[in-house]
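[1] Here is a sequence with its predicted model. Questions after.
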Amino acid sequence: MLIVLAIVILAIPIWLIVQQSLTGRGLGNYWIVFSTTPFLRFFLNSLIVSVSTVVLVMYFALTASYSFAILRPRGTRTGFTIILAGLALPGIALVVPLYYAVQAAGLLNTYWSVIVPLTVVSIPFGVLVGTNYIRGLPAELYEAGRLDGANSWQFFWRILVPVCRPILSVIAIFTFLAAWNEYLFPLIFIQSTDLQVLTQVPTYFQGERLVDTPKLFAANILISIPIVIVFIVLQKNFRAGVSAGAVK
């Protein structure tokens with residue numbers, strides 16, 4: 001009964017948003033979003049930024065987790081603490097230093113000006129859940145790999161990566177969600193309209209004196225569809241990753 005009540009409570013706002021998006025011209029609101037904004041171009045830009053960020057975060061988070069949980073080099077505890085300290089810093093607090101760092105690297109007004117900051121901000125969470133997951137694996141797994149003649153990198157690619165698919169799905173979904181919905185970094189680091197992302201589309205329907213609410217909600221629903229698709233595709237591994245130690 002409580003589950004049904006929770007579903008109803010969560011479904012009501014979604015239904016109201018959908019209902020509002022159909023006010024006036026109905027499905028025509030969605031067509032106007034497509035036809036009056038560079039929606040497809042922004043969609044491609046968001047896809048490039050999000051997928052690139054997910055790939056980088058998955059790689060760096062898993063390699064760091066492997067080092068912290070299994071290899072344990074000197075300074076592991078200090079390094080782990082420093083990385084996790086990033087979870088305490090909100091993205092807005094890093095905007096100014098990140099801007100100067102991106103500017104010094106000559107990356108302003110490129111995809112990388114958004115990909116690199118998003119990767120940096122997302123890695124601490126990936127390291128946290130990845131390390132917890134790997135620590136929960138049987139210790140004999142690494143020993144068996146070494147007995148079979150696998151070096152550290154062979155063990156990582158041939159054994160650890162396949163075993164870590166559930167937690168990689170958790171990292172991928174949360175990272176994709178953050179990258180896809182990011183509004184501030186693209187707004188600040190990208191000036192070219194051709195490189196802007198989907199989160200800028202709703203701004204076409206709001207101004208200083210007027211907000212076109214139906215089209216604004218229609219744009220937000222269209223932006224949310226890829227996130228739903230990604231979760232549906234990865235939901236099995238996502239549940240397995242969470243239950244196997246992502247929040248342990």
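    Cool, got the structure.
[2] ok, residues contacting the strand or helix carrying W15?
    Using DSSP states H and E, W15 maps to helix 2-21. With CB atoms under 8 Å, 6 or more residues apart in numbering as the test, helix 2-21 has contacts from 29-30, 213-215, 217-218, 220-221. C-beta here means a position set from N, CA and C on the backbone, and glycine is covered the same way.
[3] mind redoing it with 10 Å?
    Residues outside helix 2-21 that contact it (CB atoms under 10 Å, 6 or more residues apart in numbering) are 27, 29-30, 33, 213-222, 224.
[4] V49: neighbour count?
    25 (other CB atoms under 10 Å).
[5] which residues touch the residue nearest to it when sequence neighbours are not counted?
    Distances taken as CB to CB, 6 or more residues apart in numbering place V114 nearest to V49, at 5.2 Å, with adjacent residues excluded. Residues near V114 by CB under 10 Å, 6+ apart: 45-46, 48-50, 52-53, 102, 107, 179, 182, 184-190, 195-197.
[6] what does A179 give?
    Applying CB under 10 Å, 6+ apart, we find A179 in contact with 46-47, 49-54, 57, 114-115, 118-119, 121-122, 185, 197.
[7] Just the local confidence number for the most centrally placed residue in the chain, please.
    Closest to where the C-alpha atoms of the chain average out (CA atoms, centre = their mean) is T175, at 1.8 Å. Per-residue pLDDT puts T175 at 93.
[8] give me the element it is part of.
    helix 165-181.
[9] CA-only coordinates of that helix, as CSV, when you get a sec.
    Below are the C-alpha coordinates for helix 165-181, written out as CSV (Å, rounded to 0.1, in the frame of the first residue of the first chain):
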residue,chain,number,x,y,z
ARG,A,165,29.8,-4.2,-14.8
PRO,A,166,27.0,-3.6,-12.2
ILE,A,167,28.9,-0.8,-10.4
LEU,A,168,30.0,0.6,-13.8
SER,A,169,26.3,0.9,-14.6
VAL,A,170,25.7,2.8,-11.4
ILE,A,171,28.5,5.2,-12.2
ALA,A,172,27.4,5.5,-15.8
ILE,A,173,23.8,6.4,-15.0
PHE,A,174,24.6,9.0,-12.3
THR,A,175,27.4,10.5,-14.4
PHE,A,176,25.2,10.7,-17.5
LEU,A,177,22.3,12.2,-15.5
ALA,A,178,24.6,14.9,-14.1
ALA,A,179,26.3,15.6,-17.5
TRP,A,180,23.0,15.6,-19.5
ASN,A,181,21.3,18.0,-17.0
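[10] returning to what we had before: wait, the residue nearest to the centre of the chain sits on S50?
    Yes. Between T175 and S50 there is a contact under CB atoms under 10 Å: 8.1 Å.
[11] overlap in contacts of the two?
    Joint contacts of T175 and S50 (CB under 10 Å, 6+ apart) are L118.
[12] contacting residues around T203?
    37, 183, 187, 196, 216, 219.
[13] Name the nearest of the residues you listed relative to R74.
    Proximity of the contacts of T203 to R74 was ranked by CB to CB; the top entry is Y183 with 40.7 Å.
[14] Surely that closest one and V197 touch.
    Yes. If you go by CB under 10 Å, Y183 and V197 touch, sitting 8.3 Å apart.
[15] more neighbours, those two?
    Legend: neighbour count by other CB under 10 Å for Y183 and V197, higher for V197 (28 against 13).
[16] Got phi/psi on the more buried one?
    phi -110, psi 180 (degrees, to the nearest 10).
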